[in-house]
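Novice: Structure here, sequence nowhere to be found:
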């Protein structure tokens, strides 16, 4: 009889603590989900910033090449005109 009471008491304690354990797991899972969402948003923001930086650098390099080419073209044009004697 004593063993039966102990078994019933253990079953009662387990049944009483089960919702508490379930709530704790549910809360932990929700916190993990929120942390993962926040990390994903941060990765997305960092990726966007990196892409903007790359775009800016490429645009600056392109403008520098175009400017250098333009200056070289006009310098060559001027040198040829001067050599031929048509320099204004």
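Specialist: Ah, there it is. This structure is a prediction, so every number in the text was calculated from the model and none was measured.
Novice: Mean confidence (pLDDT) on the host helix or strand of residue 64, please.
Specialist: In the assignment (DSSP states H and E), residue 64 maps to helix 2-84. Regarding helix 2-84, the rounded mean pLDDT is 86.
Novice: how far away is the residue most central in space within the chain from residue 36?
Specialist: The chain has residue 43 as the residue nearest its centroid, 2.2 Å off, counting by C-alpha atoms, centre = their mean. Relative to residue 36, residue 43 is positioned 11 Å away (C-beta to C-beta, to the nearest Å). No exception for glycine: its C-beta is placed from N, CA and C like everyone else's.
Novice: So residue 86, which state does it fall into?
Specialist: Following DSSP: H, G, I helix; E, B strand; the rest coil, residue 86 is assigned to coil.
Novice: mind listing what it touches?
Specialist: If you count contacts by C-beta atoms under 8 Å, 6 or more residues apart in numbering, residue 86 has none.
Novice: Good, wrapping up.
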